[in-house]
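> Output the structure for:
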Amino acid sequence: MPLLTTSPQPLRRKERFTYPNRLPPAFWDKLSEVPLTKNAIRELERRNTEESLHTQFLGTPPPRRPIMQRSVTQYLNRIRRFARRGGPNLSGLRGYRCRPSIASRAAMNNNLQSHLGRRKRGSADALESAPTPPRASTKKTSPYDRAFQQILIDYGIYPNKYRYPNEQTPPPPENLEEIIQVMAQPRLSLSPLFLTQRDFEDFTQKDADAYNEAQVMTSILPIIEGDVRNGRSVAGQILLTNLEDPTVDLLIPGNPDRYYGARPEQLDRRVRIQLGKHIMPSTQHDLPIVPNFFLNVKGPKGSPEVAENQACYDGVLGARGLNSLQAYSDSDLDSSSKAYTLTSTYQKGLLKIYASYPLPRADPGMRREYAMMQVNAYALTGNIDNFRIGVSAYRNARDWAKQKRDEAIQRANETVVRDERDILSSSSHYNLHNTTVKSTDCGIYMLGFVREFLQTPRKFAEAIENGQRLDWDINESVLRKDIRANLAAACEAAVTRVSSGLPK
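All right, here's what the predicted structure looks like:
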């Protein structure tokens, strides 16, 4: 596989946790169907306002095509004349605070002083201390709504329980039974010897007292996760800005509350550079890479739909990255439909675990599609047995994801070492024979390459496409003898034809 020519981006001091104010206009233009959501209404209001301002100040409605395709040359003279007159009047815009002129401020002060001069000092103090009416606020909306889910579906990323138009469902991952068996294994740390009824009641009380997402993260999550041995393999609330968006930059970056990956130094730097847009979540290069286990937490008033949409999007980012890493060492694994990425959601005592996996392709040239499937759900606050089973499943799933991640990294590193060894071996072979190689040997090798290509053209094309090494063994001495013998035979046949009077 060819290496990228670009070097890693510089480190950022800190990546702030922020949502965008709104989804880009192209997001809504690409939707096959626009659902009625708060974000859709906000976008409609924005477009209506833009159209109204355009008509008011330029005299014509805006053309119904993308902004980048609009020709502004026809409006240039109008814009210049409009700017010379002082620009637009912004007093009608919501949230704009009009600055009064100096003259108007002086008049207002004089009127106020004359008005207060006729009142008692206590009345003036009461006027100054009167409470101001509260400002109108707009409730914050999450971008992970039905429109977000629809754009995922349009780009072949299917949520849990999705049905195709023909009522069929995506096939489950090939290794689903393996995942179920791994998650069902008991853990000694959660046995009655270490986990008592009092510990369980303490957990349920903390869960009841957690009234927002932050409290769930600080009081509940440490109990579920247990002892995390390697703190550098876990991160959270980091925008995954470095990962390539599977919807062509129509969505916001992934933002899991917790994700597990590998330490950067575990993977060869050349592989990190080549697959960076699929396996390195952040430009902060000391954060975990190749994430394939995610967790999204919601408070009691949070939306389960939002949590599931987040899990679906985070899961496909992880599944695509691990699939790319596996295909780096073995191109046959690119067609695998096994799940190696797991995502979880937790809200009000309910823990859900999903598997994210690539779907089989009917044609290798088709775009790769992904699906998410719920493996199991656990009511942790139901009773102590449910708690043991659910938390064991979570920790087992996390450990299993780490095992699969480490195996993929090890194979990729071995591939790099093997490729280097082959290159050095070829170079040593050339240096060993370079004293006997003549300047005409380049022609001999060219003829040898042509002969090998004509014998197996399909093998040559597949090797070039998949970045594999051609195992052609061309012996220049033997090939030279064969060519000499063929030329001698052709010359002898030509002499025979001339002697017998046959046409040449």
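> contacts, neighbours, all on C-alpha from now
Fine.
> Show me what the mean pLDDT comes to for the one helix or strand residue 43 maps to.
Assessed by DSSP states H and E, residue 43 sits inside helix 38-58. Mean pLDDT, helix 38-58: 76.
> Tell me the buried residues in that helix?
Of the residues in helix 38-58, 39, 40, 43, 51, 52, 53 count as buried by neighbour count, 16 or more other Cα atoms under 10 Å.
> what do you get for stretch 277-291?
Here stretch 277-291 shows 277-285, 287-291 as buried, counting by 16+ other Cα under 10 Å.
> How about residues contacting it?
For stretch 277-291, contacts defined as Cα atoms under 8 Å, 6 or more residues apart in numbering pick out 8-13, 232-235, 238-244, 259-264, 272, 317-318, 320-322, 324-325, 405.
> Any idea how far apart the tips of it sit?
13 Å (Cα to Cα, to the nearest Å).
> what packs against the host helix or strand of residue 448?
Per DSSP H and E, residue 448 falls inside helix 441-455. Applying 3 or more Cα pairs under 8 Å, 6 or more residues apart in numbering; DSSP states H and E, we find helix 441-455 packed against helix 476-499.
> what's the helix it packs on packed up against?
Helix 476-499 packs on helix 441-455, going by 3+ Cα pairs under 8 Å, 6+ apart.
> what mean pLDDT would you report for the helix it packs on?
Helix 441-455 comes out with an average pLDDT of 72.
> Ok, stretch 482-502 next?
In this model, stretch 482-502 has a mean pLDDT of 74.
> Buried residues, it. List them.
By neighbour count on 16+ other Cα under 10 Å, the buried set for stretch 482-502 is empty.
> again, but for stretch 23-33
For stretch 23-33, the buried set under the neighbour-count rule, 16+ other Cα under 10 Å, comprises 23, 27, 28, 31.
> out of those, which one sits closest to residue 303?
The closest of these to residue 303 turns out to be residue 23 (Cα to Cα; 19.0 Å).
> did I read that right, that closest one in a helix?
No: applying DSSP: H, G, I helix; E, B strand; the rest coil, one finds residue 23 to be coil, outside a helix.
> Would you mind measuring from it to residue 42?
10 Å.
> mind checking how far residue 413 is from residue 290?
Residue 413 is 14 Å from residue 290, where distance means Cα to Cα.
> Quick one: list the elements packing against the biggest helix by length in the chain.
What stands out as the longest helix in the chain, according to DSSP state H, is helix 384-433. Applying 3+ Cα pairs under 8 Å, 6+ apart, one finds that helix 384-433 makes contact with helix 176-183, helix 197-209, helix 221-225, strand 258-262, strand 289-298, helix 304-329, strand 341-347, strand 370-379.
> Adding distance to residue 338, write the buried residues of stretch 277-291 out as CSV.
Converted to CSV, the buried residues of stretch 277-291 look like this (distance: Cα to Cα, whole Å):
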residue, distance to residue 338
277, 22
278, 18
279, 18
280, 22
281, 22
282, 26
283, 29
284, 30
285, 28
287, 26
288, 23
289, 20
290, 17
291, 16
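> returning to what we had before: tell me which of the helices and strands packed on helix 384-433 sits nearest to residue 477.
Judging the helices and strands packed on helix 384-433 by Cα to Cα, what sits closest to residue 477 is helix 304-329, at 34.8 Å.
> helices or strands next to the closest one in the packing?
With contacts taken as 3+ Cα pairs under 8 Å, 6+ apart, helix 304-329 sits against helix 146-154, strand 157-158, helix 276-279, strand 289-298, strand 341-347, strand 350-358, strand 370-379, helix 384-433.
> Of all those, which one is nearest residue 189?
The minimum distance between residue 189 and the helices and strands packed on helix 304-329 falls on helix 384-433, with 9.0 Å, by Cα to Cα.
> For that closest one, the averaged confidence score.
For helix 384-433, the per-residue pLDDT averages 85.
> Run the angle between that helix and strand 350-358 for me.
30 degrees (axes from the mean of the first three to the mean of the last three Cα atoms, to 10 degrees).
> these two touch, right, residue 405 and residue 324?
No: assessed by Cα atoms under 8 Å, residue 405 is found out of contact with residue 324, at 11.9 Å.
> So residue 300 is in contact with residue 347, correct?
Yes: look at residue 300 against residue 347 with Cα under 8 Å: they come within range, at 6.5 Å.
> So which of these two has more stuff around it?
Comparing residue 300 with residue 347 by other Cα atoms under 10 Å, the one with more neighbours is residue 347, at 21 against 17.
> From what I see, that one and residue 295 are in contact.
No: Residue 347 is not in contact with residue 295 according to Cα under 8 Å; the separation is 11.0 Å.
> how much space is there between residue 41 and residue 52?
16 Å.
> same deal with residue 152?
32 Å.
> what does residue 417 give?
63 Å.
> same check, this time on residue 460
In terms of Cα to Cα, residue 460 sits 61 Å off from residue 52.
> now do residue 155
In terms of Cα to Cα, residue 155 sits 33 Å off from residue 52.
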